[in-house]
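Q: fold the following and give me the result.
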Amino acid sequence: MTLWAAAEIAAATGGTALADFAATGVAFDSREVGPGDLFVALKGTATDGHRYLDDVFARGAAGALVSQPTAHPAVQVSDTMVALQQLGAAARARMAGKVIGVTGSVGKTGTKEMLFAALDRGAPGAAHRSVKSYNNHTGVPLSLARMPADARYGVFEMGMNHAGELAALTRLVRPHVAIITTVASVHLEHFRDEAGIADAKAEIFEGLEPGGAAIIPYDNVHRDRLIAAARAVGARIITFGMSEGANVRAREVVRGAGGGSFVSAVLMERELGFTIGQPGEHLVTNALAVLAAAEAVGGDVAVAGLALADMAGMAGRGARVAVSPSGGGGALVIDESYNANPTSMRATLAVLGTEPARRRIAVLGQMGELGPDSAAFHAGLAAPVMAAGVAHAILVGEGMLALANALEGQVEFVHVADAQAAMVALNAVLRDGDVVLVKGSNAVGLSAIIAALSGERG
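A: This next block holds a predicted model:
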């Protein structure tokens, strides 16, 4: 089905249609362009998308959004970045369904994916969401521009590492429901303290549609600060968490035989029992936020609960990879290689600690953007590592020196410079029956370990 006709793109952006065409998708990365796509030729500091016009049309692009003349079917504008934002705004304006925005220091992408699965289960094919972690000033308008006009639900992840960024994104998304998963010490180098991070996350409420709902983590230390920000814009407030006072809360959590959890939850004025397929208490709290949002937009929460039971872990965020290091019973690798901060490190180490294993091995990459207290945050992981029963740790990157010092004499470990050295170290110790957690900030590149294990051993 046509997503954008050339005339519609020109009307949305104030551009000039150089030819007539109909696009079924939108992309700004030339490597991702497929048949029928609109290619947005962005100009950056390192490259210019206009250089790839011949390539994308050879790959089947239907048209392009350009800022200079071309012989290819295109809409010409003065600034393609501005035009992308205008196209996203036009997509939002023509969509009559419900929109949910998701932010938070931890768990944005996982919560977004859970919520999409929950809404799509109840309205198959009628839910849309941002893909990957497209959550910044280019990713959000792209995700909006990809939204079909007849979508009943749109779920958009929004990220930030400076004050003011979320305010701009949320005014573009204009959510009916805004979720903050949690507030933690992430991107701390750009803020005076964690309260400053809370204020920046609370900017998501500024774009709420009239009568919109703010979904707030009840157990977070900054709860009252977030509630005050939501009240200031007239939002309806829904809290979620594990404590008695939360509007949506877990009454009981029972670990399932397969590692997931059965949750008996209170959802406003009623109760609901549901299963989460993946292990981890952090996923329980994220699921409570998902149910709160599904309820707020009129979704079927019972059907949403069924979707949560079927969800598998995502690559880099909880996916489980079976490998056979010696051709025997196999080992399990938990792929958390996409990102890391002190809160998510503790959560995933706790998951590792619940896994039955001959040995538990942790490959931990350094965490970024933690400011002057970075060493303390890294050293603070020693207790969770030991509580998880880690028999051997592979610590990756200069920032992990503080944890290495804290673990001295407590846990067997090696400290290496990079992902390649970590792979060598893991190869030397990995045996059948082991469970391995691989987690670190994306810049460390631990996903290469997962790729090597999947390709060479699996």
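Q: was I right about Gly164 contacting Glu206?
A: No: using CB atoms under 8 Å, Gly164 is not in contact with Glu206; the gap is 10.4 Å. The way it works is simple: take the backbone N, C-alpha and C, and place the C-beta from them, glycine included.
Q: of these two, which one has the most company?
A: Glu206 (17 against 10; other CB atoms under 10 Å).
Q: quick one, what contacts the closest residue to that one other than its chain neighbours?
A: Of all residues not flanking Glu206 in the chain, Ala167 sits nearest, at 5.3 Å (CB to CB, 6 or more residues apart in numbering). Applying CB atoms under 8 Å, 6 or more residues apart in numbering, we find Ala167 in contact with 203, 206-207.
Q: ditto for Ser185
A: 105, 194, 197, 341-343, 370, 373, 377.
Q: sec struct for it, please.
A: Here Ser185 is recorded as coil under DSSP: H, G, I helix; E, B strand; the rest coil.
Q: Met160 in helix, strand or coil?
A: Going by three-state DSSP: Met160 is coil.
Q: got phi/psi on it?
A: For Met160, the backbone dihedrals (degrees, to the nearest 10) come out as phi -160, psi 160.
Q: what's the nearest residue to it if we skip its chain neighbours?
A: Leu166 (4.6 Å).
Q: Ala214 now?
A: Nearest non-adjacent residue to Ala214, counting by CB to CB, 6+ apart: Ala230, 3.6 Å away.
Q: contacting residues around the one you found?
A: Contacts of Ala230 by CB under 8 Å, 6+ apart are 202, 205, 214, 216, 237.
Q: Glu203 too?
A: 160, 163-167, 170.
Q: returning to what we had before: keep only those of the contacts of Ser185 that are in helices.
A: 194, 197, 342-343, 377 (DSSP state H).
Q: shouldn't the residue nearest to Met160 be in contact with Ala200?
A: Yes: between Leu166 and Ala200 there is a contact under CB under 8 Å: 6.2 Å.
Q: quickly list what's touching both of those two.
A: Met160.
Q: of those two, who's got more company?
A: The residue with more neighbours, out of Leu166 and Ala200, is Leu166; 27 against 23, by other CB under 10 Å.
Q: what helix or strand is the more buried one located in?
A: helix 165-173 (DSSP states H and E).
Q: what pLDDT, on average, does that helix get?
A: For helix 165-173, the mean per-residue pLDDT is 97.
Q: right, and the helix or strand after it?
A: strand 177-180.
Q: residues in contact with Val438?
A: Contact analysis of Val438 by CB under 8 Å, 6+ apart lists 333-337, 363, 446, 449-450.
Q: no, scratch that, I was asking about Phe205
A: 170, 178, 214, 229-230, 232-233, 235.
Q: what about Val351, which helix or strand?
A: helix 342-354.
Q: give me the contact list for that helix.
A: So helix 342-354 is in contact with 105-107, 182, 184-186, 255, 259, 279-282, 318, 334, 336, 360, 362, 364, 367, 370, 377, 380-381, 384-385, 387-390, 435, 437, 439, going by CB under 8 Å, 6+ apart.
Q: ok, now stretch 129-145?
A: 4, 26-28, 40, 42, 81, 84-85, 87-89, 91-92, 108-109, 112-113, 115-116, 146, 154-159, 165, 168-169, 172-173, 338.
Q: picking that back up, of the contacts of Ala167, which is the nearest to Gln410?
A: Glu203 (41.2 Å; CB to CB).
Q: name the SS class of that closest one, please.
A: helix.
Q: where do the strands sit along the stretch 151-300 of the chain?
A: 153-157, 177-180, 213-217, 236-241, 248-255, 261-267, 270-276 (DSSP state E, counting those that start in this stretch).
Q: now those strands as TSV including mean neighbour count?
A: Formatted as TSV, the strands of the stretch 151-300 of the chain follow (neighbours: other CB atoms under 10 Å):
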stretch	mean neighbour count
strand 153-157	29
strand 177-180	30
strand 213-217	28
strand 236-241	21
strand 248-255	16
strand 261-267	19
strand 270-276	16
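Q: returning to that earlier point: contact partners for the residue nearest to Met160?
A: 103, 158, 160, 200-201, 203-204.
Q: farthest-apart pair in those residues, please.
A: In the contacts of Leu166, two members sit farther apart than any others by CB to CB. They are Met158 and Ala200, at 11.1 Å.
Q: quick check: Arg255 touching Ser261?
A: Yes: counting by CB under 8 Å, Arg255 touches Ser261, with 5.8 Å between them.
Q: anything in contact with each of the two?
A: In contact with both Arg255 and Ser261: Pro279, using CB under 8 Å, 6+ apart.
Q: what about Gly63, how many residues nearby?
A: With other CB under 10 Å as criterion, Gly63 counts 26.
Q: in a strand, Val438, correct?
A: Yes: under three-state DSSP, Val438 falls within a strand.
Q: could you list the low-confidence segments of the chain?
A: Residue ranges of the chain with pLDDT under 70: 187-188, 257-258, 313-314, 326-329, 456-458.
Q: not counting sequence-adjacent ones, nearest residue to the residue nearest the centre of it?
A: Central residue of the chain (CA atoms, centre = their mean): Thr109, 1.8 Å from the mean position. Leaving aside its chain neighbours, Thr109 sits nearest to Ser133 (5.4 Å; criterion: CB to CB, 6+ apart).
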